[in-house]
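Chemist: Sharing a sequence plus its predicted fold:
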Amino acid sequence: MLEVLPIQSKEEQEILCGRCRVPYRPDALAYKALSEGEFCGVCQFTMDHAGGRILDFAALPGAAAWEPMFVMGRAALNFIDLCGVHRAFFDAGNTDETMIQSIGFSRNAEGRWEMDLTDFFREPCKHTGKQG
């Protein structure tokens, strides 16, 4: 079973970030991905007037975690959208571009990964990942 859960304490966030070899960002919100109850990845993100930003998106080294990571990316975007922020950016490094595109991002004119969340979660299967 796949689970994506908000990380409830900063202590846990710091430990899980360390396990995934990403910097701990105490001011960021964070989710963890679990597969069959086993931790397999972390996502740290923020939101402000300019949009949501995925800052770190990392699987546990050695974990086969494509599906849990995909679900976690979409969960973070859904939370950002539910907070009324309808533009998101993927600013995390060292991530597979196929994964980033599968989640729904595409490169904007400046080469930055971006997506419009407006109505994305109404019909996510129809989303093309293209910016309009």
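Modeler: That came in fine, so what should we check first?
Chemist: Can you show me the strands along the protein?
Modeler: 2-6, 29-35, 38-48, 51-59, 87-90, 106-107, 113-116 (DSSP state E).
Chemist: Poorly predicted segments of this protein, please.
Modeler: For the chain, applying pLDDT under 70 flags the ranges 124-132.
Chemist: With adjacent residues omitted, what lies nearest to the spatially most central residue of the chain?
Modeler: Compute the mean C-alpha point of the chain, and by C-alpha atoms, centre = their mean the closest residue is Gly73, 3.3 Å away. With C-beta to C-beta, 6 or more residues apart in numbering as the criterion, Gly73 has its nearest non-adjacent residue at 4.0 Å, and that residue is Ile103. All C-beta atoms are positioned from the backbone trio N, CA, C, and that covers glycine.
Chemist: so what's that neighbour up against?
Modeler: Residues near Ile103 by C-beta atoms under 8 Å, 6 or more residues apart in numbering: 70, 73-74, 77, 90.
Chemist: what does Arg21 give?
Modeler: 58, 61.
Chemist: Next one: the closest residue to Gly18 other than its chain neighbours from Asn94, what distance?
Modeler: Leaving aside its sequence neighbours, Gly18 sits nearest to Tyr24 (C-beta to C-beta, 6+ apart; 6.9 Å). In this view, Tyr24 and Asn94 are 16 Å apart by C-beta to C-beta, to the nearest Å.
Chemist: and Cys17, how many neighbours?
Modeler: Cys17 has 21 neighbours, counted by other C-beta atoms under 10 Å.
Chemist: separation between it and Phe70?
Modeler: From Cys17 across to Phe70, the span is 20 Å (C-beta to C-beta).
Chemist: could I have the top helix by length along the chain exported to CSV, CA atoms only?
Modeler: Longest helix in the chain by number of residues (criterion: DSSP state H): helix 66-82. Extracted in CSV, the C-alpha atoms of helix 66-82 (Å, rounded to 0.1, in the frame of the first residue of the first chain):
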residue,chain,number,x,y,z
TRP,A,66,8.9,5.6,-8.7
GLU,A,67,5.2,5.2,-7.9
PRO,A,68,5.4,6.5,-4.3
MET,A,69,7.5,9.4,-5.4
PHE,A,70,5.0,10.2,-8.2
VAL,A,71,2.1,10.1,-5.8
MET,A,72,4.0,12.3,-3.3
GLY,A,73,4.7,14.9,-5.9
ARG,A,74,1.0,15.0,-6.9
ALA,A,75,0.0,15.2,-3.2
ALA,A,76,2.3,18.2,-2.6
LEU,A,77,0.8,19.9,-5.6
ASN,A,78,-2.7,19.2,-4.5
PHE,A,79,-2.0,20.7,-1.1
ILE,A,80,-0.5,23.8,-2.7
ASP,A,81,-3.6,24.1,-5.0
LEU,A,82,-6.0,23.6,-2.0
